[in-house]
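[1] missing the sequence, but the structure's below:
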Ligand SMILES: [Fe+2]
């Protein structure tokens, strides 16, 4: 029938142990396999040793063998070599240097969150304190939502993901990037031009804006240097966000309330330009968000 979600990612980092400890604090649960799990999406993060931090693999869920076959045929039409198994197809995308696997996977069924918000003239929570103020357990991300990677070949990467794998374009930023989806989420992937392939951030869904605040506060209380950018609300995709940094330098985002495109016919992609392309409100964008502090050093190491 279709692609329906991100299944998992593999991130390479020079030192696995401190990064694994960070994502456990972030709210993921270590599994017996050595991977880290989200509450709803299961074992979605694998960390492996690598000379420099980067996204090594991205796995995408499809419903059935016909979907996998369609992706394999589309990649072949683009002249891209791919490995086939009965239930998967895998190829390395050149611009991002990421191994992309489309595999048959079960769809996610997520239990709903009943939000009871009091608004002007609209009291949904009469005679009750807000449940969010009473939470004291750890924040548990529900699923991996999206990844953002740098590419040395923007047109080639977009061709691979859109014409090859079958991502849909939700919105674009003029001359810069396209927000791509393989599910009903507004975006699951964004590729942006970069001097070399690197992982900008991964993003993890939490229940609501309170969980974003609680999660980020707990991480920053232990180490203020983890703060990158937040709290704010993106304009494209509408989600609340807070970006933090793992010990290897990868950004990890808590997000909530992302736009969902359930009927393709009812969504009109917009080409954005200017300040709104980054956010509707929040603190000023730090320069280190746009160009991470370690980019120059990673580039120097590459050339060395
Ligand atoms: Fe994001």
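    Looks like it came in fine. The structure displayed is predicted, hence computed values, not measured ones. Numbering: from 1, shown residues only.
[2] now the protein against the ion: closest residue?
    Closest approach between the chain and the ion, counting by C-beta to the ion: residue 203, at 4.2 Å. The C-beta positions use only the backbone N, C-alpha and C, and glycine is treated the same way.
[3] in the sheet, which residues pair with that residue? Tell me.
    Taking DSSP bridges as the rule, residue 203 bridges to residue 146, residue 253.
[4] that one: what's it in contact with?
    Counting by C-beta atoms under 8 Å, 6 or more residues apart in numbering, residue 203 touches 144-148, 241, 252-255.
[5] reformat those as JSON lines; add pLDDT.
    Listed next are those as JSON lines, based on pLDDT from 0 to 100:
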{"residue": "144", "pLDDT": "98"}
{"residue": "145", "pLDDT": "98"}
{"residue": "146", "pLDDT": "98"}
{"residue": "147", "pLDDT": "98"}
{"residue": "148", "pLDDT": "98"}
{"residue": "241", "pLDDT": "98"}
{"residue": "252", "pLDDT": "98"}
{"residue": "253", "pLDDT": "98"}
{"residue": "254", "pLDDT": "98"}
{"residue": "255", "pLDDT": "98"}
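[6] so which of these is the most crowded?
    The residue in the contacts of residue 203 with the most neighbours, by other C-beta atoms under 10 Å, is residue 254 (29 neighbours).
[7] how close does that residue sit to residue 187?
    Using C-beta to C-beta, to the nearest Å, residue 254 is found at 16 Å from residue 187.
[8] flag every buried residue along stretch 103-112.
    By neighbour count on 16 or more other C-beta atoms under 10 Å, the buried set for stretch 103-112 is 103-105, 108.
[9] in the stretch 51-200 of the chain, which segments are predicted with low confidence?
    Residue ranges of the stretch 51-200 of the chain with pLDDT under 70: none are present.
[10] picking that back up, keep the contacts of residue 203, but drop any that are not near the ion.
    Restricting the contacts of residue 203 to those near the ion by C-beta under 5 Å from the ion leaves residue 253.
[11] identify the residues contacting residue 106.
    Counting by C-beta under 8 Å, 6+ apart, the residues that residue 106 touches are residue 61.
[12] which SSE is it in?
    For residue 106, there is no helix or strand it lies in under DSSP states H and E.
[13] how about the one 4 residues further on?
    Taking DSSP H and E as the criterion, no element holds residue 110; it sits outside all helices and strands.
[14] wait, it touches residue 183, no?
    No - contact criterion C-beta atoms under 8 Å: residue 110 and residue 183 do not qualify, at 11.6 Å.
[15] need phi/psi at residue 299.
    The phi/psi pair for residue 299 (degrees, to the nearest 10) reads phi -70, psi -40.
[16] measure it to residue 249 for me?
    Plainly put, residue 299 is 13 Å away from residue 249 if you go by C-beta to C-beta.
[17] between those two, point out the one with more neighbours.
    Between residue 299 and residue 249, residue 249 has the larger neighbour count (other C-beta under 10 Å), namely 19 against 15.
[18] quick check: that one touching residue 295?
    No - contact criterion C-beta under 8 Å: residue 249 and residue 295 do not qualify, at 9.2 Å.
[19] list the contacts of residue 72.
    Contacts of residue 72 by C-beta under 8 Å, 6+ apart are 82, 84, 89.
[20] let me redo that: residue 227
    Residues in contact with residue 227, defined by C-beta under 8 Å, 6+ apart, are 216, 220, 244-245.
[21] tell me the residues of the stretch 101-250 of the chain that contact the ion?
    By the rule C-beta under 5 Å from the ion, the part of the stretch 101-250 of the chain lying against the ion is residue 203.
[22] please, where are all the helices along the stretch 101-250 of the chain?
    Using DSSP state H, counting those that start in this stretch, the helices found in the stretch 101-250 of the chain span residues 154-158, 209-222.
[23] what residues of the shortest one count as buried?
    Yep, that's helix 154-158 we're talking about. Within helix 154-158, the residues that count as buried by 16+ other C-beta under 10 Å are 154, 156-158.
[24] now swap in the last one and tell me
    Across helix 209-222, burial judged by 16+ other C-beta under 10 Å covers 209-216, 219.
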